[in-house]
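# generate coordinates for the sequence data below:
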Amino acid sequence: MSTETGWRLRITHTTRVSYDGDARASYNELRMAPLTLPGQTVLGSRITVQPHVAVWTYWDYWGSEVAAFDLQAAHPSLVMVAASTVETSPAPPLPDPPPWTDLPGLARELGLDEYLVPTDRTRVSEEIAGRARSLVEGLDPHDAALRLAAWIRDRVDYVAGATAVTTSAQEAWEVRQGVCQDIAHLTVGVHRAVGLPARYVSGYLHPDPDARPGDTMEGQSHAWVEYWAGDWVAHDPTNRIPAGECHVTVARGRDYDDVPPLKGIYHGAPSSVMDVTVEVTRLF
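This next block holds a predicted model:
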């Protein structure tokens, strides 16, 4: 990364839903508010909805802040804007890794068992798991994690539109194409296969690591991974970099199903069209 002092970022995530007719009612949950964490401080965060409706928040099981609203008036469209300002830091030094033999006991002691179990999204075949185990023989947990992330990225091309939001890790592997969600799911899957606790991270990415203060760019909703080896370590396998000042963490869980940015239902119109834009500005 290009700076050692961290960045301040402003993120504006706008979601517009247009219905084919009126929606008579809708209920939605948004996971778009960044978290305050070591290395990341939220200076302000707000979600607004048009038509105007009260929005309430709660914390879910995985530690994500969820904004929810229930709109009972008829509406032909819906606009949701999540605006936040966040200070980020460069990736910290790697923690001292425990021996492989200690990892299972430490995972149980720290309540990380759920991050060792495959899910439908992250499960990989025994052939892939076996290959992953052979690749990390003799490596410490950090080197193993990076080796596996590089192996996945070398074999899965980033191709926008090649997969769907419902695509599993195994399906992405078979077509050798996907987006950041697929690459993160595969990386989490092979980490777990070799005994590394790993979780899926949803957030935002400023696409230019050399951005200057004042630069506004079309940003991205992004996905990366965290693995546990003495502490949680964040790595972006899609871009082959540690997660640092360009990354803003919003939610973490076992896979995408635990952290969807938007989930909702509506009653009324037979169909709808969604348009999403993300603008990210480096303030300093």
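# where does pLDDT dip in the chain?
For the chain, the stretches with pLDDT under 70 are 1-4.
# for it, longest strand please?
In the chain, with assignment by DSSP state E, the single longest strand is strand 7-30.
# which residues does the helix or strand following it contact?
Following strand 7-30 in sequence order, the next helix or strand is strand 40-50 (DSSP states H and E). Here strand 40-50 makes contact (Cβ atoms under 8 Å, 6 or more residues apart in numbering) with 8, 30, 32-36, 55, 67, 69, 71, 78-89, 248-249. C-beta here means a position set from N, CA and C on the backbone, and glycine is covered the same way.
# for the buried ones among the residues you listed, write the corresponding PyMOL selection.
Remark: buried members of the contacts of strand 40-50, expressed as a PyMOL selection using 16 or more other Cβ atoms under 10 Å:
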select buried, resi 8+30+32+33+34+35+55+67+69+71+78+80+81+82+83+84+85+86+87+88+89+248+249
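# just give the nearest non-adjacent residue to Asn28, would you?
In space, not counting the residues next to it along the chain, Asn28 is nearest to Gly264; the distance is 3.4 Å by Cβ to Cβ, 6 or more residues apart in numbering.
# mind checking which helix or strand the one you found is in?
strand 262-268.
# now do the helix or strand following that strand: everything it contacts.
Counting by DSSP H and E, the element after strand 262-268 in chain order, helix or strand, is strand 272-282. By Cβ under 8 Å, 6+ apart, the residues outside strand 272-282 that reach it are 7-20, 23, 204-207, 211-221, 266.
# so what strands line up beside strand 272-282?
Strand 272-282 pairs in its sheet with strand 7-30 (antiparallel), strand 216-218 (antiparallel), by DSSP bridges.
# now render the ones you listed as JSON lines, adding distance to Val259.
Conversion of the strands paired with strand 272-282 to JSON lines gives the following (distance: least, Cβ to Cβ, whole Å):
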{"stretch": "strand 7-30", "distance to Val259": "11"}
{"stretch": "strand 216-218", "distance to Val259": "22"}
